[in-house]
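Chemist: need a structure here:
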Amino acid sequence: MPSLTRLICLANSWKHGDRCIAGISTIKGQWIRVVSDLPDGRITKEMRQIGGTEPALLDILAIPLAKTGPDYGFETENLSILPGKWERVGEVTPAHLLKFCSKEEYILHNDLRHVEVPYLQSLPVSQRRTLELIKAVQVSVRPLGTKYEGSQKWEGTIVTESGKKLTTTITDPVFVRKLDLGYRPKNHCLVTVSLSMPWRPADWEGGDPCWKLIAGVVELPEEQKIKVEVNNDDLPF
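Modeler: Just a heads-up that it's a prediction; the model follows:
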């Protein structure tokens, strides 16, 4: 029986009809992306559900994982699933996550919406970050009027304490469902930003781009109010 790796779940996000599961190790404090042997590492419902329910953000999960996993040429956080049951062994508070927030200058390497694979490959392996936890002091959301994974597609803009800004697609299905129902966060949020697998638009020039995604959103307790902007003219209800 393989040993179980414990991680704090910080992403259960859409990935090509299935999910991407990622979090931070409870022992080493390092990011882990759980990957399967499917071509892009996606995690199916049968793999991830515990007692018929989805892993939730802030859950402490115990998962049978290998010590290594496929890096797809640029990712460093990936660990492969081993046979065995997943367990939910506890949960943490949002405030517990503050110590894991990124202190880097940029949100995932640059101030763009993407990072090119050749750039990631040019970095030492230890610096190839494809997951970050960002403390957002401003959040705005906007429905795009199109569908994504069968739901309304939403775009989010986050702003850090140092003024760094990112606008990109939200792939956290629980957060999207709340937005569809009219929910808006009022406080500072902790946002998991993840890089997608490479995808080139038709007119793309340059190296294969990995797109930054808002893969998980956790609202902090009411300590400081957060500015939330919504263009009500765009709302679907």
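Chemist: doesn't K178 lie inside a helix?
Modeler: Yes - under DSSP: H, G, I helix; E, B strand; the rest coil, K178 sits within a helix.
Chemist: all strands of the protein, in order?
Modeler: Using DSSP state E, the strands assigned to the chain run over residues 4-15, 18-25, 31-35, 59-64, 78-80, 87-91, 114-116, 131-148, 151-160, 165-169, 189-195, 209-219, 227-229.
Chemist: low-confidence stretches in the protein?
Modeler: For the chain, residues meeting the criterion pLDDT under 70 lie at 1-2, 223-237.
Chemist: thinking again about what came up before, how about the strands of the chain in TSV, adding mean neighbour count?
Modeler: In short, each C-beta sits where N, CA and C put it, glycine included. Below are the strands of the chain laid out as TSV (neighbours: other C-beta atoms under 10 Å):
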stretch	mean neighbour count
strand 4-15	23
strand 18-25	24
strand 31-35	24
strand 59-64	21
strand 78-80	18
strand 87-91	14
strand 114-116	22
strand 131-148	18
strand 151-160	18
strand 165-169	17
strand 189-195	24
strand 209-219	24
strand 227-229	12
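Chemist: distance to K178 added to those strands, as TSV?
Modeler: Formatted as TSV, those follow (distance: least, C-beta to C-beta, whole Å):
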stretch	distance to K178
strand 4-15	14
strand 18-25	17
strand 31-35	24
strand 59-64	17
strand 78-80	29
strand 87-91	18
strand 114-116	27
strand 131-148	10
strand 151-160	10
strand 165-169	16
strand 189-195	12
strand 209-219	9
strand 227-229	12
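Chemist: nearest to C101, out of these?
Modeler: strand 131-148 (4.6 Å; C-beta to C-beta).
Chemist: quick one: closest of the strands of the chain to T53.
Modeler: strand 87-91 (8.3 Å).
Chemist: would you agree L190 is in contact with I134?
Modeler: Yes - the pair L190 / I134 is scored as a contact, 7.3 Å apart, by C-beta atoms under 8 Å.
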